[in-house]
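Novice: Following is a predicted model, sequence given first.
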Amino acid sequence: MTTLTPTPGDTTVRRPGPPSATAERRPPRQGGTVLAVPALIWYLVFMVGPMIAIFVVAALHWPGMLQPVSFAGLGNVRTVMDDPVFWDAVRNTAVQLAVALPIMIVCAYMLGYYVAQKPPGHRVIRYLLFIPGLISTPAKAMVFYAALSPDGLANGALESVGLGSLTDAWLASPSTALACLIALDVWAGIGFTAVLFAARLGSVPDELGEAAQLDGAGHWRTMWLIHFPVIRDYVGVVTMLQFLWTLFGSAQHVLLLTQGGPGSSSTTLSFLVYQKAFIAADLGYSQTVGVILFLAGLVGLLTIRRAFRQNY
Amino acid sequence: MKLGKRWLPAHILVWSYAVLLIVPLYYFLASAFKTNDEIFAHPFALPTSFGFGNFRTAFDSADLGLAVVNSTLVTVLALVLTLGLALPAAFALARSTGRLASVMEKVFSLGFLIPTFAALFPTFLLAAATGLFHTRTFMVLFLPATAMPLSVVILVQFMRTIPKEMEEAARMDGASTFAVLRHVYVPMCMPGIATVLLLNFLTFWNEYLYSLVIIGPDPAQRTVQVALPTLKSITGTDYGVLTAGTVLTLVPVWVVYTVLQKRMQQALVSGAVKM
């Protein structure tokens, strides 16, 4: 219960409990709030400001860094909607999310469950699973570049087992470029996400699983019908995170590995934002896609939240 | 819990994934000591000699040494600034019960919803407007801002667990607000500070897209993550040099991870939970 003190001009009007009890202690305690101001300003200037600016630039006609700027209103939206490349990017992003997210979350959950049961060698597994989470995006991209280039690891392995006919220029072929990017996400994402799940599952009381086993439930049922509902909301949080990372973070992998090509076969929405801003210098277009991306992120977050809401 | 025979498929699947994680890394480590011909002929063989020729070439051709220095500089300064801003802020928010403070805390937690990577172009404009475009300085100023929501929220949670009596006792001894922060709160929430430091160390060291756009290609300023992909074009397809360079950038993180394995996992897990 909060009470309002009637003192006019007092900035600290709401205090819990009776005002007289805390009145003496107020000056030192309240004075401290000022200490939060620098951090707040920092965060508003460098994060909130640019975020708002996306919406402003999206409404401008701005064909290049040094070109005159004019107000475009919704003109950019029309240009974007009429551009087939944009729709390619929408499709690619949708495919990427639809394939990568379910695989990643389901596999990571099962893997996390496995590790949480402490099977032999689980410490080694845990150590290894985390490695992709530590590697920077450029390093991951270099690993995949070396593995998938025409005379790289993947083709070498195929040749050595006599499947030379299946070799391909994986990153340069329109039919496999996007698949490679998705594979990279999944490869790196499963392990890291599994460790998160394992950590959460580790705090579920053992009795729960044991009770289920006594009642005759197999591991499969214990995993999905007992433990999954318990950590359901955590799965939701992790899914939201992965969703955001995939949606916004794909620009880096695309930039490093395929540059959106061949054609627009691996252009994703977030790469389109980058490409239009820093390569094509069509700034209004770029930020309009940025706004669309932001809204897509918001809608996705709310949907995932709703889907994973505790319902017992 | 007992793991019966029915777990065999699970064991196999998990270890295959583990192999999938190790093989590319092994290939990388081995290739760093080989020439191109050796890599193509025997991709999986152990290197015949452990010379550091590839590393030296990577160092020279992409100025990796300077890039490592730049990365270290940016990471360390940004970490110091992050703590310098987040510690007092968390301290203030954790002790304060006022409405203003709770509004501030909400504002910080809303930061999790802001996808920083979306605001790349406006941030670039900000860098240009402040005259800090193409400098490491802007990254040192910018990175702490992106880390602020998570750092403040984690630190506030740690500081809330410190009993009020600790502060009151210090006050009796005549401690100022800063002294309370320095001598009571900071020592008592060292685990929280370590979490924040590790979490941000990883993000700052591994930051790529912003560094690429803001700092740009100038070898005198660029970080190691920006320098690394240039090896691809500089060396053509000299995989030995390429992999050697990549291995170099992984060493600091890998050392920290191996030494502080448990702590690092906790830090990242708690980071993700708070988000």
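Specialist: Received it, and whenever you're ready, just let me know what you need.
Novice: Spatially central residue in chain A, please.
Specialist: Compute the mean C-alpha point of chain A, and by CA atoms, centre = their mean the closest residue is residue A:245, 1.9 Å away.
Novice: and it, what helix or strand is that in?
Specialist: Secondary structure assignment for residue A:245, by DSSP states H and E: helix A:232-257.
Novice: and what of residue B:132?
Specialist: Applying DSSP H and E, one finds residue B:132 in no helix or strand.
Novice: Next one: the nearest residue to it once chain neighbours are set aside, what pLDDT does it get?
Specialist: Leaving out its chain neighbours, the residue that sits closest to residue B:132 by CB to CB, 6 or more residues apart in numbering or on different chains is residue B:138, at 3.8 Å. C-beta coordinates here come from the backbone N, C-alpha and C atoms, glycine included. With respect to pLDDT, residue B:138 has a value of 91.
Novice: just how off-centre is whichever strand or helix holds residue B:138 within its chain?
Specialist: Using DSSP H and E, residue B:138 sits within helix B:136-160. Offset of helix B:136-160 from its chain centre (CA atoms, centre = their mean, to the nearest Å): 12 Å.
Novice: ok, and does the next helix or strand after it reach over to chain A?
Specialist: Later in the chain than helix B:136-160, the nearest helix or strand by DSSP H and E is helix B:164-172. Yes. On the criterion CB under 8 Å from any CB of the partner chain, helix B:164-172 is in touch with chain A at residue B:171.
Novice: could you say what helices and strands helix B:164-172 packs with?
Specialist: Counting contacts by 3 or more CB pairs under 8 Å, 6 or more residues apart in numbering or on different chains; DSSP states H and E, helix B:164-172 is packed against helix B:177-180.
Novice: Give the buried residues for the helix it packs on.
Specialist: B:177, B:180 (16 or more other CB atoms under 10 Å in any protein chain shown).
Novice: That helix close to chain A?
Specialist: Yes. Helix B:177-180 is in contact with chain A by CB under 8 Å from any CB, via residue B:177.
Novice: Please pull up the helix or strand immediately following that helix.
Specialist: Next element after helix B:177-180 (DSSP H and E): helix B:186-188.
Novice: Do any residues in that next one lie close to chain A?
Specialist: No. Helix B:186-188 lies out of reach of chain A by CB under 8 Å from any CB, never closer than 13.1 Å.
Novice: Give me the residues contacting that helix.
Specialist: With CB atoms under 8 Å, 6 or more residues apart in numbering or on different chains as the test, helix B:186-188 has contacts from B:87, B:162, B:166, B:193.
Novice: Sort out which residues of that helix are buried, please.
Specialist: residue B:186.
Novice: centre of the chain versus that helix, how much separation?
Specialist: For helix B:186-188, the distance to the chain centre is 23 Å (CA atoms, centre = their mean).
Novice: ditto for stretch A:123-139
Specialist: 17 Å.
Novice: How about it and chain B, any contact?
Specialist: Yes. Against chain B, stretch A:123-139 shows contacts by CB under 8 Å from any CB at A:124-139.
Novice: Residue A:70 and residue A:63 touch, don't they?
Specialist: No. Using CB atoms under 8 Å, residue A:70 is not in contact with residue A:63; the gap is 9.4 Å.
Novice: Compare the two (neighbour count), which wins?
Specialist: residue A:63 (16 against 11; other CB atoms under 10 Å in any protein chain shown).
Novice: Low-confidence ranges, the stretch 101-250 of chain B, go.
Specialist: B:234-237 (pLDDT under 70).
Novice: where along the stretch 51-200 of chain A do the strands fall?
Specialist: A:60-61, A:70-71 (DSSP state E, counting those that start in this stretch).
Novice: So what touches the first one?
Specialist: It refers to strand A:60-61. A:69, A:70, A:71, A:72, A:75, A:76, A:283, A:284, A:287.
Novice: Just flag the most distant two among those.
Specialist: A:70 and A:287 (14.6 Å; CB to CB).
Novice: Quick check, the residue in the stretch 151-275 of chain B closest to chain A?
Specialist: Taking CB to the nearest CB, chain A has its nearest neighbour within the stretch 151-275 of chain B at residue B:206, 3.6 Å off.
Novice: Report the separation between that residue and residue A:89.
Specialist: Distance from residue B:206 to residue A:89, counting by CB to CB, to the nearest Å: 26 Å.
Novice: of the two, who's got more company?
Specialist: Higher neighbour count among residue B:206 and residue A:89: residue A:89, with 27 against 24, using other CB under 10 Å.
Novice: helices or strands next to the helix or strand where residue A:284 lies in the packing?
Specialist: Per DSSP H and E, residue A:284 falls inside helix A:283-307. Here helix A:283-307 touches helix A:49-58, strand A:60-61, helix A:75-81, helix A:84-116, helix A:232-257, helix A:269-278, helix B:120-129, going by 3+ CB pairs under 8 Å, 6+ apart.
Novice: how about those, which one is nearest residue B:218?
Specialist: Taking the helices and strands packed on helix A:283-307 one by one with CB to CB, helix B:120-129 is closest: 13.8 Å.
Novice: Run through the neighbouring helices and strands of the closest one.
Specialist: For helix B:120-129, the packing partners by 3+ CB pairs under 8 Å, 6+ apart come out as helix A:49-58, helix A:269-278, helix A:283-307, helix B:136-160, helix B:209-210.
Novice: And what about the residue nearest to the spatial centre of chain B, helix, strand or coil?
Specialist: Closest to where the C-alpha atoms of chain B average out (CA atoms, centre = their mean) is residue B:202, at 1.5 Å. Three-state call for residue B:202 (DSSP: H, G, I helix; E, B strand; the rest coil): helix.
Novice: hang on, isn't it packed against residue B:253?
Specialist: Yes. Using CB under 8 Å, residue B:202 makes contact with residue B:253 at a distance of 6.8 Å.
Novice: overlap in contacts of those two?
Specialist: residue A:134.
Novice: quick check, stretch B:97-105 touching chain A?
Specialist: Yes. Applying CB under 8 Å from any CB, one finds stretch B:97-105 touching chain A at B:97, B:98, B:99, B:100, B:101, B:104.
Novice: quick one: which of these is nearest residue A:250?
Specialist: For the residues of stretch B:97-105 next to chain A, the nearest to residue A:250 is residue B:104 (33.2 Å; CB to CB).
Novice: Let me see the contact set for the closest one.
Specialist: A:33, A:36, A:40, B:93.
Novice: go with 10 Å
Specialist: A:33, A:36, A:37, A:39, A:40, B:89, B:92, B:93, B:96, B:98, B:152 (CB atoms under 10 Å, 6 or more residues apart in numbering or on different chains).
Novice: okay, and the common contacts of residue A:70 and residue A:63?
Specialist: Between them, residue A:70 and residue A:63 share these contacting residues under CB under 10 Å, 6+ apart: residue A:284.
Novice: I'd like to know if the longest helix anywhere in chain B reaches chain A anywhere along the stretch.
Specialist: The longest helix of chain B (DSSP state H) is helix B:64-95. Yes. Helix B:64-95 comes into contact with chain A (CB under 10 Å from any CB of the partner chain), by way of B:81-82, B:84-95.
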